[in-house]
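S.K.: 3D model of this:
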Amino acid sequence: MTKRALILVDIQNDYFDAGLWPVAHMEAVAINAARLLDRARSVGDLVIHIRHEMGSDQAPFFRPGSAGAEIHLAVAPQEGEAVITKARPNSFQGTDLLERLRGAGIEAVTICGAMSQMCIDATTRAAVDHGFAVTLAEDACGAKEAAFGGVTVSAAQVHAAFMAPLAMSYAKVMTTDEVLAGSGARP
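M.R.: Predicted structure coming up:
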């Protein structure tokens, strides 16, 4: 068995154009994530799908039991692939993700999904803190524009602002093509 895992974070319907909380370029993100998923399946890497579900029907997105909270068809889980539901940005918090990875002898993970500035950032940092070698497929991650203090920041700027520090000290940040060429973090 391989010592690698692919973790697909929150590639859910509400993040796409027809959803309640669209993320920039989510279609392209999903295409790249699907490429990573195909490779992981073909080489026997562990595949774990993460889905976020909010605690209220009044939530702005990912409402419990809604179609928007379901994993997008582009990366739909196959039989035998784990699907973990979380309630916080960090995919490890309040879930059995760590136990699943350790139980499978995983040493290196590739992470993709959305949003760069929330769940991808939190999950990547936690994975490193738990001792995993992390590859982050940056073009298989999506960001949403943000505003604070009267300043609006574009999705591209938000994405870059989060990828830069992750690349500096947490993960090997690469394109999908680079990951598929075999340059990712190895156990």
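S.K.: same for the helix or strand containing Leu36, what does it pack against?
M.R.: Per DSSP states H and E: Leu36 is located in helix 26-43. Packing partners of helix 26-43 (3 or more CB pairs under 8 Å, 6 or more residues apart in numbering; DSSP states H and E): strand 4-9, strand 46-52, strand 108-114, strand 133-142, helix 176-180. Heads up, the C-betas are built off the backbone N, CA and C, glycines and all.
S.K.: what would those look like in TSV with distance to Phe162?
M.R.: Listed next are these as TSV, based on distance: least, CB to CB, whole Å:
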stretch	distance to Phe162
strand 4-9	13
strand 46-52	17
strand 108-114	12
strand 133-142	9
helix 176-180	17
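S.K.: now the ones you listed as JSON lines including mean neighbour count?
M.R.: Below are the helices and strands packed on helix 26-43 laid out as JSON lines (neighbours: other CB atoms under 10 Å):
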{"stretch": "strand 4-9", "mean neighbour count": "26"}
{"stretch": "strand 46-52", "mean neighbour count": "22"}
{"stretch": "strand 108-114", "mean neighbour count": "27"}
{"stretch": "strand 133-142", "mean neighbour count": "26"}
{"stretch": "helix 176-180", "mean neighbour count": "18"}
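S.K.: With mean pLDDT and distance to Phe61 added, can I get those in TSV?
M.R.: Compiled in TSV, the helices and strands packed on helix 26-43 are given as follows (pLDDT from 0 to 100; distance: least, CB to CB, whole Å):
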stretch	mean pLDDT	distance to Phe61
strand 4-9	98	15
strand 46-52	98	9
strand 108-114	98	11
strand 133-142	98	14
helix 176-180	97	25
